[in-house]
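Novice: Need a 3D model of the sequence below.
(one chain, ligands or ions: 1)
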Amino acid sequence: MEDGATRSVLLVVGGGIAAYKALELIRRLREHGLRVRTVLTDSGARFVTPMSIQALSGERVFGDLFSLTDESEMGHIALSRSSDLIVVCPATADLLARMVAGLANDLATTVLLATDTPVLVAPAMNVRMWTHAATQANVATLRARGVTFVGPASGLMACNESGPGRLAEPDDILSAILRLLHPDRPLAGRRAMVTAGPTHEPIDPVRYIANRSSGTQGYAIAAALAAAGADVTLVSGPTTLPDPAGVRTVRVETARDMLAACLTALPCDIAVCTAAVADWHVAPAPQKIKKTAGAPPPTLQLVPNPDILATLSQPSPTRPGLVIGFAAETEHIVTHATAKRLRKGCDWIVANDVSPGTGIMGGTENEVCLIDAAGCEHWPRLDKTQVARKLVARIATFLQTPPPNPE
Ligand code: CTP
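Specialist: From the prediction side, this is the model:
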């Protein structure tokens with residue numbers, strides 16, 4: 001463990017074409033203020049050089065178990081214990097097998113055998129090697145021993161085969177590392193966007209169409225996401241609320257501005273749309289509309305606004321992994337909200353009754369149902385900050401649940 005606040009990662013770089021991604025990972029870890037020391041296996045050194053690792057990490061690279069210099073300056077036992085986390089990236093099938101067998105035939109496996117520090121493994125190998133019963137049994141054994149896995153991802157691989165086996169993206173490995181280093185911040189390394197408040201749709205330079213939304217629920221969710229470690233952009237319509245601490249707040253006026261700001265905040269892992277977006281706008285008059293004695297009152301030609309939630313929910317390479325909408329209803333709450341979830345294509349929808357008697361719109365409390373593909377869960381009436389914390393806890397659990405095993 002390092003002195004002071006600096007957290008230290010020991011990166012074990014195994015062999016394989018994906019080893020070059022370890023360089024990007026080192027860069028990202030350093031951006032997050034982490035110290036990175038590296039053990040480069042002999043096979044890893046065939047793909048990346050100690051010099052590039054040293055240049056990026058600012059640290060000397062460890063490689064030879066029997067180097068007397070290493071042993072006198074930093075024995076392998078000390079090396080294994082002086083880090084907050086050991087990350088094996090990329091981990092080959094061979095390295096996994098040697099970890100399971102408890103071999104200590106190079107510095108990497110010796111360090112891994114000698115350590116009581118948490119270990120994160122990012123495997124990368126050919127799809128058949130990954131799905132082979134031997135590898136899967138090794139993964140199960142390591143998991144049972146407390147090792148955490150990130151990936152592998154699926155896709156086309158360097159060997160021209162497709163399926164699970166690709167190294168997880170450096171950003172995903174970074175997120176997993178940050179979560180392990182900060183267990184109290186389960187969304188560390190995740191990016192989130194929240195829309196909140198009303199929108200104002202101008203009629204002329206002094207008048208606008210608006211609604212009663214105060215933004216309280218959305219601001220509370222943005223703050224709760226930030227407290228859980230996420231990097232949060234709050235896209236807010238006009239409100240009287242102060243910017244939440246630790247959150248990037250972008251102030252907008254109209255629905256079209258809000259959509260543009262949301263698209264700028266992509267890519268992100270989580271989108272929560274709480275804003276009460278005006279469904280229509282008008283072509284605003286350039287000057288204040290005047291009353292003319294005897295003339296008929298003006299009529300407003302309403303033009304539909306873009307649907308921000310539906311736009312973010314559309315399948316695309318930048319679609320957030322979890323898109324959550326809110327449904328403000330005044331009757332048949334669950335039926336309408338369930339239909340709205342399907343119509344808009346979001347993953348979850350939080351339904352609430354905003355009828356005038358409830359005091360919810362503009363108030364400090366909320367009573368919601370969380371609706372997903374599996375059904376509807378009714379939450380008790382809670383303070384909006386408690387609803388926010390409960391929702392963020394759900395989000396963290398959802399994002400931490402590993403994808404199904406490929407077998
Ligand atoms: N929403 C949005 N963009 C819009 C309208 C709504 O992003 N132009 C989002 C809201 O932020 C909320 C969800 O869609 O997450 C549902 O909003 P709601 O006002 O309840 O539904 P509408 O789509 O406006 O449908 P209706 O007014 O018919 O109930």
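Novice: Next, the residue in the stretch 101-250 of the chain that the ligand sits nearest to: phi, psi?
Specialist: The stretch 101-250 of the chain approaches the ligand most closely through Thr195 (5.7 Å), counting by Cβ to the nearest ligand atom. All C-beta atoms are positioned from the backbone trio N, CA, C, and that covers glycine. As for Thr195, its main-chain torsions (degrees, to the nearest 10) stand at phi -100, psi 150.
Novice: contacting residues for the spatially closest residue to it that is not a sequence neighbour?
Specialist: Nearest residue to Thr195, sequence neighbours excluded (Cβ to Cβ, 6 or more residues apart in numbering): Ala275, at 3.8 Å. Shown in contact with Ala275 (Cβ atoms under 8 Å, 6 or more residues apart in numbering): 195-199, 213, 215, 218, 235-237, 258, 308.
Novice: 10 Å - rerun?
Specialist: Ala275 makes contact with 194-199, 211, 213, 215, 218, 235-237, 252, 255, 258, 262, 308-309, 326 under the criterion Cβ atoms under 10 Å, 6 or more residues apart in numbering.
Novice: if I look at it, how far off is Leu120?
Specialist: To Leu120, Ala275 is 37 Å away according to Cβ to Cβ, to the nearest Å.
Novice: just Phe326 next, same as before
Specialist: For Phe326 relative to Leu120 (Cβ to Cβ), the value is 35 Å.
Novice: And Ile203, by the same measure?
Specialist: 56 Å.
Novice: can you check Ala285 too?
Specialist: Look at Ala285 and Leu120: by Cβ to Cβ, they are 60 Å apart.
Novice: residues near the closest residue to Asp116 other than its chain neighbours, how many?
Specialist: Using Cβ to Cβ, 6+ apart and skipping the chain neighbours, the partner closest in space to Asp116 is Arg81 (7.1 Å). Neighbours of Arg81 under the rule other Cβ atoms under 10 Å: 15.
Novice: quick one, phi/psi of Arg81?
Specialist: phi -100, psi -10.
Novice: Next up, the contacts around it.
Specialist: 1, 10, 75, 111, 114-117 are the contacts of Arg81 under Cβ under 10 Å, 6+ apart.
Novice: what does the stretch 151-300 of the chain put close to the ligand?
Specialist: 195, 255, 273-277, 279 (Cβ under 6 Å from any ligand atom).
Novice: where does this structure dip in pLDDT?
Specialist: By pLDDT under 70, the weakly predicted segments of the chain are 1-5, 65-74, 401-407.
Novice: can you pull out the strands in the stretch 151-300 of the chain?
Specialist: Using DSSP state E, counting those that start in this stretch, the strands of the stretch 151-300 of the chain run over 153-156, 162-166, 191-196, 201-202, 208-209, 231-236, 248-251, 270-273, 280-281.
Novice: Which one's more surrounded, Ala285 and Leu120?
Specialist: Per other Cβ under 10 Å, whichever of Ala285 and Leu120 has more neighbours is Leu120, with 22 against 14.
Novice: Count the neighbours of Ala133 for me.
Specialist: A count of nearby residues for Ala133, using other Cβ under 10 Å, gives 8.
Novice: List the buried residues for stretch 226-241?
Specialist: Neighbour-count burial for stretch 226-241, counted by 16 or more other Cβ atoms under 10 Å, picks out 226-239, 241.
Novice: Among those residues, which pair sits farthest apart?
Specialist: Pairwise distances across the buried residues of stretch 226-241 (Cβ to Cβ) peak at 28.9 Å, for the pair Gly229 and Pro238.
Novice: follow-up on the earlier one: now the buried members of the residues of the stretch 151-300 of the chain next to the ligand.
Specialist: When these are checked against 16+ other Cβ under 10 Å, the ones flagged as buried are 195, 255, 273-277.
Novice: could you measure the most far-flung residue of the chain relative to its centre against Leu29, distance?
Specialist: The C-alpha centroid of the chain is most remote from Gly294, which lies 59.2 Å away (Cα atoms, centre = their mean). Using Cβ to Cβ, one obtains 73 Å as the distance from Gly294 to Leu29.
Novice: Pro123 and Val12: what is the separation?
Specialist: For Pro123 relative to Val12 (Cβ to Cβ), the value is 12 Å.
Novice: oh sorry, the question was meant for Val392
Specialist: For Val392 relative to Val12 (Cβ to Cβ), the value is 33 Å.
Novice: Please apply the same query to Arg248.
Specialist: 35 Å.
Novice: can you give me the end-to-end distance of stretch 358-372?
Specialist: 24 Å (Cα to Cα, to the nearest Å).
Novice: I misspoke; the intended subject was stretch 32-51.
Specialist: So stretch 32-51: terminal residues 22 Å apart, Cα to Cα.
Novice: so Leu10 touches Leu40, yeah?
Specialist: No: look at Leu10 against Leu40 with Cβ atoms under 10 Å: they stay out of range, at 11.6 Å.
Novice: shared neighbours, those two?
Specialist: With Cβ under 10 Å, 6+ apart, Leu10 and Leu40 have common neighbours 62, 108.
Novice: Counting neighbours, what do you get for Cys369?
Specialist: Cys369: 20 neighbours (other Cβ under 10 Å).
Novice: Spit out the contact partners of the closest residue to Gly58 other than its chain neighbours.
Specialist: Distances taken as Cβ to Cβ, 6+ apart place Arg30 nearest to Gly58, at 7.4 Å, with adjacent residues excluded. Arg30 makes contact with 9, 36, 56-59, according to Cβ under 10 Å, 6+ apart.
Novice: Tell me which helix or strand comes right after the helix or strand hosting Arg30.
Specialist: Element membership for Arg30, per DSSP states H and E: helix 20-31. Going down the chain from helix 20-31, the next helix or strand is strand 35-40, by DSSP H and E.
Novice: Off-centre distance for that next one?
Specialist: Distance of strand 35-40 from the chain centroid (Cα atoms, centre = their mean, to the nearest Å) equals 25 Å.
Novice: what angle sits between the helix or strand following it and strand 35-40?
Specialist: Sequence order places helix 50-57 as the next helix or strand after strand 35-40, per DSSP H and E. Put simply, helix 50-57 runs at 170 degrees to strand 35-40, going by axes from the mean of the first three to the mean of the last three Cα atoms, to 10 degrees.
Novice: got the buried residues for helix 50-57?
Specialist: Buried residues in helix 50-57 (16+ other Cβ under 10 Å): 50, 53, 56-57.
Novice: Now do the helix or strand Thr335 falls within: everything it contacts.
Specialist: Assigned by DSSP H and E, Thr335 belongs to helix 333-344. Where contact means Cβ under 10 Å, 6+ apart, the residues beyond helix 333-344 that reach it are 273, 307-314, 323-330, 332, 346-355, 367-373, 375-376, 378.
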